[in-house]
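Q: Attaching a predicted model along with its sequence, questions to come.
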Amino acid sequence: MTSELKQQWPDLAGRDLGGSVVYANDELFAVRENLIKPGDPVFQPHTFGPKGQIMDGWETRRRREPGHDHAIVRLGVGGVIRRVVVDTSYFTDNYPPEVSVEGCGAEGYPGPAELAAAQWVTLVPRSPVEGDRRNEFTVTVEQRCTHIRLSIYPDGGVARLRVLGEPVPDPRLLPGVIDLAALENGALVTDSSNSFYNSAGQLIMPGLARVMGDGWETSRRRDEGNDWVTVRLACAGSVEVVELDTSHFVGNAPGWASLGYDGGALIARTALQPDTRHRFAVPGGPVAEQVRLDVYPDGGMARLRVFGMPTPAARAALTDRFLRLLPESQLAGLLRAAGLPPDEAARRAAGRAGLADLPPAGYEQFRLGQGNS
């Protein structure tokens, strides 16, 4: 994979996507929540609290008995993990010599006790790490994960955990009309002309931007060109409303913008106002699979929203991929809930036929017609 493509993978564990550290067996020196904080870790030497030097990370006490420490992260968006970063910045002598990372897929919102009994799959085998650096690991497991377990051997500190991957939304949670450009629904930024100040990936994050730094911002252009971003939508859908949000961009908003798609223009070039949520109705409901946002000549945009209805074929494809990527135990449980006897559910889950596994009673929860079978 190229470095450009790696940068497009979102951090599925990030707090901005709704990730949470649900458990750590020990956090005496520094709390577990630091693992998924936005931004790079920081360090202020000779800054002490009741438990010693204040560290911007998760740090456990020195072990005096056999075993190792671990923390469990609930991903903000379930997906297939492509790369894991275990960042030990500023942990120079108190970092763990080795780490491992596991993943599991679970229904609903299990607590620590339920997760302890889950079936975990190895994403990163027990591996050596170095202190005060970003330790990166490639992951090749093709399985949708909802939770990650970071184990450190035997103890020590980790500043940040980044879980980079492809979002795989649960189709049961997608209503009729969705934001086709939302990262949490499966959209991805595939390319951009310039992300000098802030990544173009910020455009499709959840919620409203809180400050200018939450959006996408390019450098100042000194030529006759313009800047742009391309987004692979969550799926093919009939577009109804587009939102171009310049909130917090006051002196650096684009003067104009347009939004194209694989069949033409959704929004023709139009003037924009600073610090404004611009909403546009799209007549005719054209079906788009990817879009390109052009800003003229440069500047910043807080969010891009493309509201539309997935086509029947696209919704069926989302369901098929979701089912194929589920852990076998989770898929078997879903099939039992849809009415299959336990033995039949286990047999189908082991065969991994995707949508063909789903019994007729299961189609309604995925908003599928029987014609999709």
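A: Structure's in. What do you need?
Q: Check what contacts the lengthiest helix in the chain and list those residues.
A: The residue-count maximum for a helix in the chain (DSSP state H) belongs to helix 312-325. If you take C-beta atoms under 8 Å, 6 or more residues apart in numbering as the criterion, helix 312-325 is touched by 80, 142-144, 168-171, 174, 186, 234-237, 310, 331, 334, 352, 354-355, 357-358, 366-369, 371-372. Every C-beta, even on glycine, is put in place using the N, C-alpha and C of the backbone.
Q: tell me which residues of that helix are tucked away?
A: Buried residues in helix 312-325, counting neighbours by 16 or more other C-beta atoms under 10 Å, are found at 314-325.
Q: now do stretch 154-174
A: If you call a residue buried by 16+ other C-beta under 10 Å, then stretch 154-174 has these buried ones: 154-171, 174.
Q: Please identify which of the buried residues of helix 312-325 is nearest to L340.
A: Of all these, L323 has the smallest distance to L340: 13.0 Å, by C-beta to C-beta.
Q: ok, R62 - how many residues close by?
A: Using other C-beta atoms under 10 Å, R62 is surrounded by 10 other residues.
Q: just checking, it is part of a strand?
A: No - counting by DSSP: H, G, I helix; E, B strand; the rest coil, R62 falls outside a strand, being coil.
Q: Please verify my assumption that it contacts D155.
A: Yes - counting by C-beta atoms under 8 Å, D155 is a contact partner of R62 at 6.0 Å.
Q: on that earlier part again, just the contacts of helix 312-325: which are in helices?
A: Reading helices off those with DSSP H, I get 331, 334.
Q: Show only the entries of the contacts of helix 312-325 found in strands.
A: Mapping the contacts of helix 312-325 onto strands (DSSP state E) picks out 80, 144, 234-237, 310.
Q: Tabulate the residues you listed (a markdown table), appending pLDDT, neighbour count and distance to G285.
A: Below are these laid out as a markdown table (pLDDT from 0 to 100; neighbours: other C-beta atoms under 10 Å; distance: C-beta to C-beta, whole Å):
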| residue | pLDDT | neighbour count | distance to G285 |
| --- | --- | --- | --- |
| V80 | 97 | 19 | 31 |
| R144 | 97 | 26 | 30 |
| A234 | 97 | 27 | 16 |
| C235 | 97 | 24 | 15 |
| A236 | 97 | 19 | 12 |
| G237 | 97 | 26 | 9 |
| P310 | 97 | 26 | 12 |
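Q: Need these in CSV (columns: distance to A253).
A: Shown next, in CSV, are the ones in strands among the contacts of helix 312-325 (distance: C-beta to C-beta, whole Å):
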residue, distance to A253
V80, 35
R144, 38
A234, 26
C235, 30
A236, 30
G237, 27
P310, 31
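Q: list the helices and strands the helix or strand encompassing E240 packs on?
A: Here E240 sits within strand 227-245, counting by DSSP states H and E. Counting by 3 or more C-beta pairs under 8 Å, 6 or more residues apart in numbering; DSSP states H and E, the packing neighbours recorded for strand 227-245 are strand 188-192, strand 256-261, strand 264-271, strand 277-281, strand 287-296, strand 303-310, helix 312-325.
Q: buried ones in that strand?
A: 227-240, 242-245.
Q: Check stretch 275-285 too.
A: V282.
Q: and what of stretch 249-268?
A: So, applying 16+ other C-beta under 10 Å, buried residues of stretch 249-268: 249, 252-254, 257-261, 266-267.
Q: and the end-to-end length of it?
A: 21 Å (C-alpha to C-alpha, to the nearest Å).
Q: Which strands border the strand holding E240, and is each parallel or antiparallel?
A: strand 188-192 (antiparallel), strand 277-281 (antiparallel), strand 287-296 (antiparallel), strand 303-310 (antiparallel) (DSSP bridges).
Q: What's the first helix or strand after the first one?
A: Yep, that's strand 188-192 we're talking about. strand 216-217.
Q: what domains does the record give for the protein?
A: By the record's domain assignment, the chain is partitioned as 3-167, 173-310, 313-372 (automatic domain parsing).
Q: Please read off the pLDDT at V239 from the model.
A: Note on V239: pLDDT of 98.
Q: Make sure it is actually in contact with A288.
A: Yes - V239 is in contact with A288 according to C-beta under 8 Å; the separation is 5.4 Å.
Q: what about E344, distance to A353?
A: 13 Å (C-beta to C-beta, to the nearest Å).
Q: Provide a list of residues in contact with A345.
A: 332-333, 335-336.
Q: are any of these buried, and which?
A: Buried among the contacts of A345 by 16+ other C-beta under 10 Å: 332-333, 335.
Q: who touches both of V239 and A288?
A: Applying C-beta under 8 Å, 6+ apart, one finds that V239 and A288 are jointly contacted by 180, 261, 266, 306, 308.
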